[in-house]
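Trainee: Predicted coordinates and the sequence they were generated for:
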Number of protein chains: 2
Amino acid sequence: MLRLTKKADYGLMALKFLAEHPEVHSQSAKDIAEAYGIPPQLLAKILQRLTKVGLLRSHAGINGGYSLSRDARTITAFEVIHAIDGPLFITSCGPKTGSSRSCDLVDSCTIKEPLSRVNESISELLRAIRIADLVDAVPFDRRTHAKTGQPKSAQFDRQLVSLS
Amino acid sequence: MLRLTKKADYGLMALKFLAEHPEVHSQSAKDIAEAYGIPPQLLAKILQRLTKVGLLRSHAGINGGYSLSRDARTITAFEVIHAIDGPLFITSCGPKTGSSRSCDLVDSCTIKEPLSRVNESISELLRAIRIADLVDAVPFDRRTHAKTGQPKSAQFDRQLVSLS
DNA sequence: GAAGATGCGAGCAAGACGGTCGTATATCCG
DNA sequence: CGGATATACGACCGTCTTGCTCGCATCTTC
């Protein structure tokens, strides 16, 4: 499984949408939701959460809506996912006995430590992906014919290529 | 969350346990479960699934149990997770309209394609980790003092270091 | 044939997830 | 002012997943 939630998907899609329309001052949650067929009220709540963590700026009132609070090239997928889904642990047992329900085999779980390094790697992977990268992305079938001169995000490609 | 299930954790722990005790011909599910405080019946089902995909060999009867069907250095974490949790997709929408419930915005999901590359990267990451690597793993605080001459799995370290 | 093991299906409680509703509040415009 | 449009927020709810148990059949050794 290892999949992220629909809410995180929606959040990323919304940020991408905002990044694609920089000329519009602010887009309402309803507008974005209709563009993708997302339940408007659900998206609204997601955008509110993204606003609370400072990724978005909100503006109420007529012609109000949301806008990116930072440049799309500085917002990482990790931030978005973390804001919506909370901290990600590949191990089922969280690292701390804090707020999260720590499983009862914290001491006997011999596998948690080596996998926490994988966890860190995935985090770094997501930290290397920025909203701007999603905007520039090209479908696979067109990718082969794309002129590769000066890609927008060299680090993004390097990260992925080095692993495949 | 992006975490793998407890079942996958249990499966990896069990395989690691088997890899750590190569001298014993076969360990029963009950023995392994007691070693880690895992519900025996649940672990039994997990091991049965791992047997069905060919990662384990089972033997019924008295003094029966499970044993690795291949060398621990050839079994990847990806195989185990895939066998237990099924295929992993970082996007909430599966790639095919097949068995899995494909979400209704397959066409409007503009984010699925770029993230599928991340998905592939994570797969490669897990494919690079073998059960033998889990056995050799050393806790972090002891890791700094460990003599690094000839590590057991150079590729494992290289993969992780290159990302952190 | 009894004991100890796997194989397998059904079932079940708790929680997560996706989504809705209602209401309060802020802002713009006429 | 007052209506229209938007965000802010909490409560709620149905459904699916997850973790786990139970029961029974089957296999194998002593």
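Mentor: Structure received. Residues are numbered from 1 along each chain as shown, chains lettered A, B, ... in the order given.
Trainee: which phi and psi does A:Q27 have?
Mentor: Torsion angles at A:Q27 (phi, psi; degrees, to the nearest 10) stand at phi -110, psi 140.
Trainee: Could you check how far the strand or helix carrying A:D133 is from the centre of its chain?
Mentor: Here A:D133 sits within helix A:131-136, counting by DSSP states H and E. Computed by C-alpha atoms, centre = their mean, to the nearest Å, the chain-centroid distance of helix A:131-136 equals 11 Å.
Trainee: Give me the buried positions along that helix.
Mentor: A:I131, A:A132, A:D133, A:L134, A:V135 (16 or more other C-beta atoms under 10 Å in any protein chain shown). For glycine as for every other residue, the C-beta is placed from the backbone atoms N, C-alpha and C.
Trainee: Format those residues as CSV; extra columns: distance to DNA strand C and pLDDT.
Mentor: Listed next are the buried residues of helix A:131-136 as CSV, based on distance: C-beta to the nearest atom of the strand, whole Å; pLDDT from 0 to 100:
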residue, distance to DNA strand C, pLDDT
A:I131, 20, 97
A:A132, 25, 96
A:D133, 23, 95
A:L134, 19, 95
A:V135, 23, 92
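Trainee: Closest one to A:A29 out of those residues, please.
Mentor: Proximity of those to A:A29 (C-beta to C-beta) peaks at A:I131, which lies at 17.4 Å.
Trainee: count of residues packed around A:G54?
Mentor: When neighbours are defined as other C-beta atoms under 10 Å in any protein chain shown, A:G54 has 11 of them.
Trainee: and the closest residue to it other than its chain neighbours, backbone torsions?
Mentor: Once flanking residues are discounted, A:G54 sits nearest to A:S69: 6.0 Å by C-beta to C-beta, 6 or more residues apart in numbering or on different chains. Main-chain torsions, A:S69, degrees, to the nearest 10: phi -90, psi -10.
Trainee: separation between A:S69 and B:T5?
Mentor: 35 Å (C-beta to C-beta, to the nearest Å).
Trainee: buried stuff in the helix or strand containing A:R57?
Mentor: Assigned by DSSP H and E, A:R57 belongs to strand A:56-59. Neighbour counts over strand A:56-59 (16+ other C-beta under 10 Å) mark A:L56, A:S58 as buried.
Trainee: For that strand, name the packing helices and strands.
Mentor: Packing partners of strand A:56-59 (3 or more C-beta pairs under 8 Å, 6 or more residues apart in numbering or on different chains; DSSP states H and E): helix A:40-52, strand A:65-68.
Trainee: mind showing which ranges of chain A have poor pLDDT?
Mentor: Across chain A, the ranges flagged by pLDDT under 70 are A:1-2, A:93-108, A:137-164.
Trainee: can you list the residues of it near DNA strand D?
Mentor: Chain A has residues A:1, A:28-30, A:41, A:44-45, A:47-48, A:51-52, A:58-66, A:92 near DNA strand D, with proximity defined as C-beta under 7 Å from any atom of the strand.
Trainee: Could you identify the buried members of these?
Mentor: Buried subset of the residues of chain A next to DNA strand D (neighbour count, 16+ other C-beta under 10 Å): A:S28, A:A29, A:A44, A:L47, A:S58, A:G65, A:Y66, A:S92.
Trainee: any chance of those residues in a markdown table, plus distance to B:K112?
Mentor: Converted to a markdown table, those look like this (distance: C-beta to C-beta, whole Å):
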| residue | distance to B:K112 |
| --- | --- |
| A:S28 | 24 |
| A:A29 | 21 |
| A:A44 | 22 |
| A:L47 | 20 |
| A:S58 | 27 |
| A:G65 | 25 |
| A:Y66 | 22 |
| A:S92 | 26 |
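Trainee: Tell me the one of those nearest DNA strand C?
Mentor: A:A44 (7.9 Å; C-beta to the nearest atom of the strand).
Trainee: And for the closest one, nearest residue in space, chain neighbours not counted?
Mentor: A:A29 (4.1 Å).
Trainee: Might you report the residue contacts of that neighbour?
Mentor: A:P40, A:L43, A:A44, A:L47, A:G65, A:Y66 (C-beta atoms under 8 Å, 6 or more residues apart in numbering or on different chains).
Trainee: A:L56 versus that one, what's the distance?
Mentor: Plainly put, A:A29 is 10 Å away from A:L56 if you go by C-beta to C-beta.
Trainee: doesn't B:E124 make contact with A:S121?
Mentor: No - A:S121 is beyond contact range of B:E124, at 10.5 Å (criterion: C-beta atoms under 8 Å).
Trainee: Those two: who's more crowded?
Mentor: The neighbour comparison of A:S121 against B:E124 (other C-beta under 10 Å) goes to A:S121, with 23 against 15.
Trainee: which parts of chain A sit against DNA strand C?
Mentor: Residues of chain A lying near DNA strand C (C-beta under 7 Å from any atom of the strand): A:5-7, A:38-42, A:45, A:59-64, A:85, A:101.
Trainee: tell me the contacts of the most centrally placed residue in chain A?
Mentor: What sits nearest the mean C-alpha location of chain A, by C-alpha atoms, centre = their mean, is A:A77, with 3.1 Å. Counting by C-beta under 8 Å, 6+ apart, A:A77 touches A:L12, A:L126, A:R127, A:I129, A:R130, A:I131, A:L134, B:L115, B:V118.
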